[in-house]
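In: Take a look and give me a structure for this.
(one chain, ligands or ions: 3)
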Amino acid sequence: MKINQLIANNINHLDTVLPTDKSLGIAGLSGSGKTTFCQTIGEESKKRLVSLLPKAEYQYLFPEIMDTNFSAIKMEEMPLVLFLGKSSISSNPRSTIGTHTGVFKEIRVTMAEKFDLSPELFSFNNVLGWCTGCKGRGSNSNVTCKKCDGKRFNPEVETYKINLLGKEHSISEVNNLSMETLLSLKDELNLSEGKQHILQNIINMNIGYLTLNRIMGTLSGGELTRLYLAEFMATSENTVIIIDEISVGLDHQTLLKILEQIKQLGYKNQIWLIDHSDTVLDATDEQLFFGPGSGKYGGKIVEESPRPAPVLVETNHDKPTEYYQFKDLHCRNIQMAEIQIPKNRLVTFTGESGCGKSTLVNECIAKDFLKRYPKDKLVMVGQNRNQSITSRSTVATFLDIKEKTDKV
Ligand SMILES: Nc1ncnc2c1ncn2[C@@H]1O[C@H](COP(=O)(O)OP(=O)(O)OP(=O)(O)O)[C@@H](O)[C@H]1O
Ligand SMILES: [Mg+2]
Ligand SMILES: [Zn+2]
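Out: Numbering: from 1, shown residues only. Ligands and ions are numbered 1, 2, ... in the order given. Below is the predicted model:
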């Protein structure tokens, strides 16, 4: 693949030729330009794809894409490129795993056939099926709709039930089933081979616990990337698939399993993996390094970037004397009577992906902390900052800006 004159963020007129028959690992310091480089190529491909549509259609479907004629990159020929990164998250509350994968549509058809009705009746995105209180969104301004209790459907539709696993299920209850359960009910729900394949891939990606009604925009970055991968595995060919930081938030065992899946995807497609993890980089045929520094000191392709040496910190062997005590922690999959956390210590929470570390810390403990230790400060730093964090822990407080402005 020949790339000419790529210009974006800290990358200035970059020329390069990349192999098309090998998987590529893309490495380099944080801020060196890895994401910028790949995202720009992905955008260009999307632009070219969209421009093949009739003008009236692309203007309606992708108004922002064709805003400018400016192309950040000059390339004569380019394959189809799909970029999977943090920016790929959609914010449409009507888009759920069920609607996105098309699995829910097949379930609606099955339900409709059973009762000799129209499939639209079982759609929360249709006036025939939706709850009139929230028009099928399940919530209004982030507050659960009282009329349907977040179920999205109107009460008439909810009266139609099918027997699954020895229990009567309404459409919203089917919509609340996990991918694992749905695959085990493939015959009862009359799911096509194609959808069974996607469900199996989702399970292989270790996200089989997700439910059909999950809103796409509420998935974590890692969950979203793995969901897309599961779909690509069932459908894509001859495509360059770029995955930005697949290792983030995954335990080693899960990462190895996902890399195995990605290898399978690589038989029919070309894979580029942007990552800081040696495990990921070592799984690729060839590596491309960005650098030499970050920001304006980066933006170039370099021979090799130094892999950082592990940080060695001396361990404090003194037994902690003071503890924070938290009680009655109940959120989602966390059910804990109490937990003690030593004060003045560096504490790590670890465990398998999806086991509940973030929920425990960001939601349960954060909430209880504010209640029990109102005089202490809690500062959250991370990628998925939660809304439960109060103004006490905003950046302003963190930097003592609030205190200063309060005095003024
Ligand atoms: N939308 C933007 N507007 C202006 N500058 C940006 C934008 N996005 C990124 N940058 C800057 O471009 C440079 C390269 O950023 P980029 O995100 O490509 O780095 P990266 O190599 O992917 O880093 P990381 O490993 O942290 O993901 C950085 O200096 C960054 O601050
Ligand atoms: Mg990046
Ligand atoms: Zn409602």
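In: Residue of the stretch 151-300 of the chain closest to ligand 1, please.
Out: Going by C-beta to the nearest ligand atom, ligand 1 is nearest to Gly295 of the stretch 151-300 of the chain, at 3.5 Å. In short, each C-beta sits where N, CA and C put it, glycine included.
In: Low-confidence bits of the protein, can you list those?
Out: Along the chain, the parts satisfying pLDDT under 70 run over 56-72, 87-91, 305-311, 382-408.
In: And the strands in it, which stretches?
Out: Taking DSSP state E, the strands of the chain run over residues 2-8, 11-17, 24-28, 80-84, 139-140, 143-144, 162-164, 167-169, 239-244, 270-274, 286-291, 300-302, 323-331, 334-342.
In: Reformat those as a markdown table; add mean neighbour count and distance to ligand 3.
Out: Formatted as a markdown table, the strands of the chain follow (neighbours: other C-beta atoms under 10 Å; distance: least, C-beta to the ion, whole Å):
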| stretch | mean neighbour count | distance to ligand 3 |
| --- | --- | --- |
| strand 2-8 | 16 | 43 |
| strand 11-17 | 14 | 47 |
| strand 24-28 | 24 | 45 |
| strand 80-84 | 20 | 32 |
| strand 139-140 | 14 | 8 |
| strand 143-144 | 11 | 8 |
| strand 162-164 | 15 | 22 |
| strand 167-169 | 13 | 19 |
| strand 239-244 | 23 | 36 |
| strand 270-274 | 23 | 40 |
| strand 286-291 | 19 | 48 |
| strand 300-302 | 17 | 52 |
| strand 323-331 | 14 | 23 |
| strand 334-342 | 13 | 27 |
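In: Nearest to Leu219 among those would be which one?
Out: Comparison of the strands of the chain against Leu219 by C-beta to C-beta identifies strand 80-84 as nearest, at 12.4 Å.
In: do that closest one and ligand 1 meet at all?
Out: No: figure legend: strand 80-84 not in contact with ligand 1 (C-beta under 6 Å from any ligand atom); closest approach 11.8 Å.
In: Can you tell me which of the strands of the chain is nearest to Lys357?
Out: With C-beta to C-beta, the closest approach to Lys357 among these belongs to strand 334-342: 9.5 Å.
In: Residue of the stretch 151-300 of the chain nearest ligand 3, please.
Out: The nearest approach of the stretch 151-300 of the chain to ligand 3 comes at Arg152, 6.2 Å away (C-beta to the ion).
In: so that residue sits right up against Gly136, yeah?
Out: Yes: Arg152 is within contact range of Gly136, at 4.9 Å (criterion: C-beta atoms under 8 Å).
In: Which one of those two is surrounded by more residues?
Out: Higher neighbour count among Arg152 and Gly136: Arg152, with 29 against 22, using other C-beta atoms under 10 Å.
In: wait, what's in contact with Val81?
Out: Contact analysis of Val81 by C-beta atoms under 8 Å, 6 or more residues apart in numbering lists 41-42, 44-45, 239-242.
In: now do 10 Å
Out: With contact set as C-beta atoms under 10 Å, 6 or more residues apart in numbering, Val81 has these partners: 1, 38, 41-46, 48-49, 239-242, 270, 272.
In: Show me what the lengthiest helix in the chain is packed against.
Out: Looking across the chain with DSSP state H, the single longest helix is helix 34-50. Applying 3 or more C-beta pairs under 10 Å, 6 or more residues apart in numbering; DSSP states H and E, we find helix 34-50 packed against strand 2-8, strand 11-17, strand 24-28, helix 55-61, strand 80-84, strand 239-244, strand 270-274, strand 286-291.
In: my guess is Ile7 meets Asp15, correct?
Out: No: in this structure Ile7 lies outside contact range of Asp15 using C-beta atoms under 10 Å: 11.2 Å.
In: what is in contact with those two at once?
Out: Common contact partners of Ile7 and Asp15 (C-beta under 10 Å, 6+ apart): Lys74.
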